[in-house]
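S.K.: Sharing a model that was predicted from the sequence below.
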Amino acid sequence: ILVRPVCQSCGKNFFSPQVLCPDCQSGNWEYEKSCGEGFVYSYTVIHRPPDSNFPSPFVVADIQLDEGWRMFSWVTNALERKIQLNDRVKVAFADFSGRKLPVFELERETI
């Protein structure tokens with residue numbers, strides 16, 4: 001399950017978790033479930049990974065989630081599916097160096 005911080009005072013979503021809500025400065029926030037769906041706001045293709053644990057090349061994208069918050073993540077099927085701005089994506093989870101990380105997959109079919 002993908003979760004995100006939601007301020008219980010003003011109702012805003014934000015990421016990454018902070019001590020206070022960046023909108024109203026309330027400390028009254030909780031994690032809530034995200035639908036895990038959104039679109040590609042921006043992306044880049046990395047051809048020189050930081051170490052051998054990363055695939056090469058790979059796509060890192062700024063994902064705009066449908067609840068109104070954004071996060072950076074990998075788009076795992078982007079190279080073979082020819083990623084474009086505004087492509088719809090859905091969360092998946094991948095094992096990486098002993099951890100489960102949220103990644104995204106393109107939902108559209110390539111033309």
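M.R.: Nice, thanks for sending it over.
S.K.: Can you show me the strands along the chain?
M.R.: Assigned by DSSP state E, the strands in the chain fall at 3-7, 29-33, 37-46, 58-65, 70-74, 88-96, 99-106.
S.K.: Nearest approach to D23 belongs to which of these?
M.R.: Closest approach to D23 among the strands of the chain is made by strand 3-7 (6.6 Å; C-beta to C-beta). Any C-beta I mention is one placed from the backbone N, CA and C, and that applies to glycine too.
S.K.: For the nearest residue to A61 once chain neighbours are set aside, give me its contacts.
M.R.: Among residues not flanking A61 along the chain, Y43 sits closest, at 3.9 Å (C-beta to C-beta, 6 or more residues apart in numbering). Counting by C-beta atoms under 8 Å, 6 or more residues apart in numbering, Y43 makes contact with V59, V60, A61, D62, V75, A78, I83, L85.
S.K.: Let me have those in a markdown table, adding pLDDT as columns.
M.R.: Formatted as a markdown table, the contacts of Y43 follow (pLDDT from 0 to 100):
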| residue | pLDDT |
| --- | --- |
| V59 | 94 |
| V60 | 95 |
| A61 | 97 |
| D62 | 97 |
| V75 | 95 |
| A78 | 87 |
| I83 | 91 |
| L85 | 95 |
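S.K.: Neighbour-wise, which one of these leads?
M.R.: Counting neighbours by other C-beta atoms under 10 Å, A61 comes out on top of the contacts of Y43 with 27 neighbours.
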